[in-house]
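Trainee: structure for this input, please:
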Amino acid sequence: MKKELNANEARTYEYIKWYLSENGFSPSISDIETSLDLKSTSTVHRILKSLEEKNYINRQSNKNRSITLVDGVDEYDYKNNITLLPLIEYRNMDFDVFDKENVQDYIPIPNNWISQGDFFITKANDDSMIDAGIYNSDLLIVQKIQTLRNGEIAVALINDRNLTVKRFYMEKQDRIRLQPENSNYDAIYFKNIRILGRVKKCIRSFF
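Mentor: As a prediction, the model looks like this:
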C-alpha cells in the first residue's frame with residue numbers, strides 16, 4: 001500500500017499523470033513549477049523526491065523529462081479526475097474581479113477536493129490568518145458564494161480594490177466584522193462588503 005500524499009504531492013502527481021497521457025512524455029521541472037504555481041525549482045525537486053520515496057514515480061536524476069509512473073498505476077482519465085480552476089489576482093481594476101483580465105492562470109485540482117458549485121483559487125496576501133493555518137502566499141480553493149455563516153472564512157473585496165481573507169461575522173445592526181486569526185491584526189468592520197466566496201481548502205506553499 002502506497003503512503004499518503006500531502007496536498008502539493010497529490011497535485012503534482014495528478015499533473016504528471018495528465019501530462020503523460022496528453023503528450024506521451026513527462027513534464028519538465030519548469031512545466032511543473034509553472035503549471036502548479038510552485039515557488040521554485042527546488043520545491044519541485046523536493047516534491048519529486050518524495051514521490052519517488054513513496055513509490056509513485058521513477059525518474060533518472062541526470063535527465064530531464066525522465067519521469068515515469070510506477071507499474072500498476074491505473075490509467076488516468078483527465079476529464080474525470082481533474083478540474084482546472086482559475087487563479088484570481090485582482091490586478092486590473094478596470095474589470096470585475098472575476099473577468100478574464102484578472103485570471104492569472106488555471107491550476108489543475110483533483111475533483112475530490114471540490115464539491116458541486118463554482119470554485120476559484122486565490123492567494124493569501126498576508127499573514128493575518130496564520131492561527132487558522134493560512135500563511136502568506138498559500139493557495140486557497142474558494143467556493144463562489146455570497147452568503148456565509150458566522151465563523152466561516154471569507155474571501156472579500158474591500159473598497160472595490162483589495163482582496164482579503166478573514167473570518168466572517170454578521171453583528172447587530174447589520175454590521176459585518178472581518179476577524180483575523182493573528183493577534184497582530186485588528187478586526188475590520190463594514191456596513192456593506194462584497195463577499196466573493198468561502199475558503200474550502202488551503203494548499204501550503206512551503207518554500
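Trainee: pLDDT below threshold where in the chain?
Mentor: Across the chain, the ranges flagged by pLDDT under 70 are 1-2, 61-62, 72-81, 205-207.
Trainee: helices of the protein, start to end?
Mentor: Secondary structure of the chain by DSSP state H: the helices cover 7-23, 29-35, 41-53, 78-81.
Trainee: highest mean neighbour count out of the ones you listed?
Mentor: Greatest average neighbour count among the helices of the chain goes to helix 7-23 (a mean of 19), per mean count of other CB atoms under 10 Å. (C-beta placed from N, C-alpha, C; glycine too.)
Trainee: OK, contacts around the residue nearest the centre of the chain?
Mentor: Taking CA atoms, centre = their mean, the centroid of the chain lies closest to residue 139, which sits 3.5 Å from it. Taking CB atoms under 8 Å, 6 or more residues apart in numbering, we find residue 139 in contact with 37, 87, 107, 121, 122, 123, 202, 203, 205.
Trainee: hmm, the fifth one is touching residue 89, no?
Mentor: Going back to what we said before, that points to residue 122. Yes - taking contacts as CB atoms under 8 Å, residue 122 lies within contact range of residue 89: 6.9 Å.
Trainee: these two: who's more crowded?
Mentor: residue 122 (25 against 16; other CB atoms under 10 Å).
Trainee: how about residue 171, nearest residue that isn't a chain neighbour?
Mentor: residue 177 (5.5 Å; CB to CB, 6 or more residues apart in numbering).
Trainee: residues near that neighbour, how many?
Mentor: Using other CB under 10 Å, the number of residues around residue 177 comes to 15.
Trainee: do the same with residue 83
Mentor: Using other CB under 10 Å, residue 83 is surrounded by 14 other residues.
Trainee: that one bridge partners, please.
Mentor: Taking DSSP bridges as the rule, residue 83 bridges to residue 109.
Trainee: in stretch 143-160, what counts as buried?
Mentor: 143, 148, 153, 154, 155, 156, 157 (16 or more other CB atoms under 10 Å).
Trainee: and which of those is nearest residue 25?
Mentor: Set against residue 25, the nearest of the buried residues of stretch 143-160 by CB to CB is residue 143 (35.4 Å).
Trainee: thinking that closest one is in contact with residue 198, fair?
Mentor: Yes - look at residue 143 against residue 198 with CB under 8 Å: they come within range, at 5.0 Å.
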